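Chemist: the amino acid sequence is not available; the structure is as follows:
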């Protein structure tokens, strides 16, 4: 049994289509069929049921699939470890980032690319729930996001900095002169809010559960950049983590005055998973960035 055969088998099991699998593997369909047939002969088991309606896994195929995926994943980890040792930080680093965390990364990405030009960075921006699934599937090496309200047994969360939820306003808005704003006061204004499911919105909704303050929501968006533009150009207010406006001009963050108003910035990793040296270097640079150091110092003061 060869890793190549297991890789071919897993791809056909994923697509349930020999032609599509061959295309994705960049091989001919006849080569793919031959390798799968050799695997079936070695195992003395039929792995796929083929008929005019398509392809499906047999009972033996269903049993083999999780072991094949684990074996392929372990082989990839082995190669990554050896590459780390041999090339000193060569390869690919896959990072998952929530939208509101994105402004904190610019400095670190530029620094990392300059110091480690041989490493390819893949940065994926999605809501936290989707990123955690990608982490579980090992499609990203780690996730940068604020701490979730409910701990996840298979995920380790390492604190980077403390932050808070804030009303984001134009400097010309009447609230811009306030040091803090209550939910009651916020309910008097027209709001443009992050969509439900995004971390800032989840935090705001938890706050609202503890009081009866119906908000005047005029628009909901899943793009913080557009929310900030609406704030700059109009009289709307949005609610985001203060860190979301790092390096942004024409907006100001007013802390929301409620108990337990914290948005803790974290690095999330799969528990007990191998951590690439490139990941450790990226996190080191992130910790040393102005964006993080400013917020750590602000919290201490």
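Modeler: Everything's here; your move. This one's a predicted model, so the numbers in the text were calculated from it and none came from an experiment.

Chemist: which residues does residue 93 bridge with?
Modeler: As for beta bridges, residue 93 partners with residue 121 under DSSP bridges.

Chemist: may I have the phi/psi pair for the residue nearest to residue 296 when sequence neighbours are not counted?
Modeler: Nearest residue to residue 296, sequence neighbours excluded (CB to CB, 6 or more residues apart in numbering): residue 161, at 5.1 Å. For the C-beta atoms, the positions are set from N, CA and C on the backbone; glycine is no exception. Residue 161 adopts backbone torsions of phi -160, psi 160, taken as degrees, to the nearest 10.

Chemist: next one: the one 3 residues further on
Modeler: Torsion angles at residue 164 (phi, psi; degrees, to the nearest 10) stand at phi -150, psi 160.

Chemist: distance-wise, check it relative to residue 242.
Modeler: Using CB to CB, to the nearest Å, one gets 6 Å for the distance from residue 164 to residue 242.

Chemist: joint contacts of these two?
Modeler: Shared contacts of residue 164 and residue 242 (CB atoms under 8 Å, 6 or more residues apart in numbering): 255, 263.

Chemist: what about the residue sitting nearest the centre point of the chain, which helix or strand?
Modeler: A centroid search over the chain (CA atoms, centre = their mean) returns residue 96, at 3.0 Å, as the residue closest to the centre. Using DSSP states H and E, residue 96 maps to strand 91-97.

Chemist: strands along the protein, start to end?
Modeler: 48-51, 54-57, 91-97, 119-125, 142-146, 155-163, 165-169, 190-194, 216-221, 238-241, 252-255, 263-270 (DSSP state E).

Chemist: save those as CSV, and put in mean pLDDT too.
Modeler: Below are the strands of the chain laid out as CSV (pLDDT from 0 to 100):
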stretch, mean pLDDT
strand 48-51, 88
strand 54-57, 90
strand 91-97, 92
strand 119-125, 93
strand 142-146, 94
strand 155-163, 91
strand 165-169, 95
strand 190-194, 94
strand 216-221, 93
strand 238-241, 94
strand 252-255, 95
strand 263-270, 92
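
Chemist: can you redo those as CSV with distance to residue 106?
Modeler: Shown next, in CSV, are these (distance: least, CB to CB, whole Å):
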stretch, distance to residue 106
strand 48-51, 47
strand 54-57, 45
strand 91-97, 11
strand 119-125, 11
strand 142-146, 13
strand 155-163, 15
strand 165-169, 19
strand 190-194, 20
strand 216-221, 21
strand 238-241, 16
strand 252-255, 18
strand 263-270, 15
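
Chemist: looking at those strands, which is closest to residue 207?
Modeler: Taking CB to CB, strand 165-169 is the member of those nearest to residue 207, at 7.4 Å.

Chemist: which helices and strands does that closest one pack with?
Modeler: Under the contact criterion of 3 or more CB pairs under 8 Å, 6 or more residues apart in numbering; DSSP states H and E, strand 165-169 touches helix 199-209, helix 224-233, strand 238-241, strand 252-255.

Chemist: mind doing that once more with 10 Å?
Modeler: In terms of contacts (3 or more CB pairs under 10 Å, 6 or more residues apart in numbering; DSSP states H and E), strand 165-169 is packed against helix 183-186, helix 199-209, helix 224-233, strand 238-241, strand 252-255.
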